[in-house]
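> Sequence unavailable; structure follows:
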């Protein structure tokens with residue numbers, strides 16, 4: 001069994017994992033990820049029981065139970081660079097002995113469910129609606145650094161990975177519209193906002209992109225990272241998106257918190273059903 005080095009699997013003096021600052025017992029079978037640390041409590045306020053709350057940097061982790069189901073809620077911060085940290089460290093906590101830095105013989109299944117916000121680039125996905133990401137295109141560069149066999153599309157003479165959600169979770173969240181999600185490296189230029197600095201590509205160019213004859217439906221900054229890392233690490237993942245921006249009509253939600261709250265309550269009901 002390969003033993004990782006102290007700089008490959010970094011453990012804090014108290015036995016917690018380096019960035020997240022949590023212990024193996026803090027990762028339950030179902031993990032909900034949110035971007036904003038403050039949104040963690042928007043989820044856990046519905047729990048029947050709260051077991052712990054830990055925060056290190058932008059990573060806040062709380063665990064508890066709702067209707068008899070144990071759930072960990074974790075804030076990832078923004079972007080797939082953070083997703084790389086979060087998913088790797090969850091996998092270490094789940095499947096490694098942190099003292100010996102060796103992988104356990106039996107890997108334990110895990111569900112990762114992202115509850116996030118997004119902008120629509122499709123007439124099908126209305127403002128304040130909720131969609132799930134059936135597939136996600138990785139317009140960031142995370143998977144340039146990992147060996148993978150994901151599908152790819154070509155844009156600007158470059159290859160970009162496309163990764164799908166878990167099919168069993170897709171069935172659970174089938175009440176929502178499916179979307180082809182574009183995961184980008186930033187919020188302004190990388191999402192084709194022509195604000196202070198002119199972007200290299202226009203939104204009109206991007207919405208012409210298709211995967212298996214399906215056009216892009218929404219744009220955000222984490223989903224492809226979650227899908228790809230989950231596939232590589234052996235987790236099941238799905239991303240649920242509250243549509244707060246209509247990029248085609250240049251409109252933003254008048255009631256964003258109400259839409260986010262509805263997403264949270266509906267998804268908790270699905271998760272616990």
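Nice, thanks for sending it over. This one's a predicted model, so the numbers in the text were calculated from it and none came from an experiment.
> The chain: helices as residue ranges?
37-44, 80-95, 167-172, 203-206, 223-233, 256-271 (DSSP state H).
> So what touches the shortest one?
With Cβ atoms under 8 Å, 6 or more residues apart in numbering as the contact definition, helix 203-206 has outside contacts at 121, 182, 192, 216, 219, 247. The C-beta positions use only the backbone N, C-alpha and C, and glycine is treated the same way.
> repeat that with 7 Å
Residues from elsewhere that reach helix 203-206 (Cβ atoms under 7 Å, 6 or more residues apart in numbering): 121, 182, 192, 216, 247.
> Would you format those residues as TSV with neighbour count and distance to residue 98 included?
What follows is those, written out as TSV (neighbours: other Cβ atoms under 10 Å; distance: Cβ to Cβ, whole Å):
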residue	neighbour count	distance to residue 98
121	25	42
182	29	36
192	20	42
216	22	40
247	21	43
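> and of the residues you listed, the nearest to residue 113?
residue 182 (20.0 Å; Cβ to Cβ).
> Compare the helices of the chain and say which comes out lowest on pLDDT.
Mean pLDDT per stretch puts helix 203-206 lowest among those, at a mean of 94.
> May I see the buried residues of that helix?
Residues of helix 203-206 classed as buried by neighbour count (16 or more other Cβ atoms under 10 Å): 203, 206.
> In TSV: the helices of the chain, plus distance to residue 113.
Compiled in TSV, the helices of the chain are given as follows (distance: least, Cβ to Cβ, whole Å):
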stretch	distance to residue 113
helix 37-44	10
helix 80-95	13
helix 167-172	7
helix 203-206	27
helix 223-233	9
helix 256-271	7
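> what's the closest of these to residue 28?
Minimum separation from residue 28 across the helices of the chain (Cβ to Cβ) falls at helix 80-95, 10.0 Å.
> May I see the buried residues of stretch 178-187?
Under 16+ other Cβ under 10 Å, the buried positions of stretch 178-187 are 178-185.
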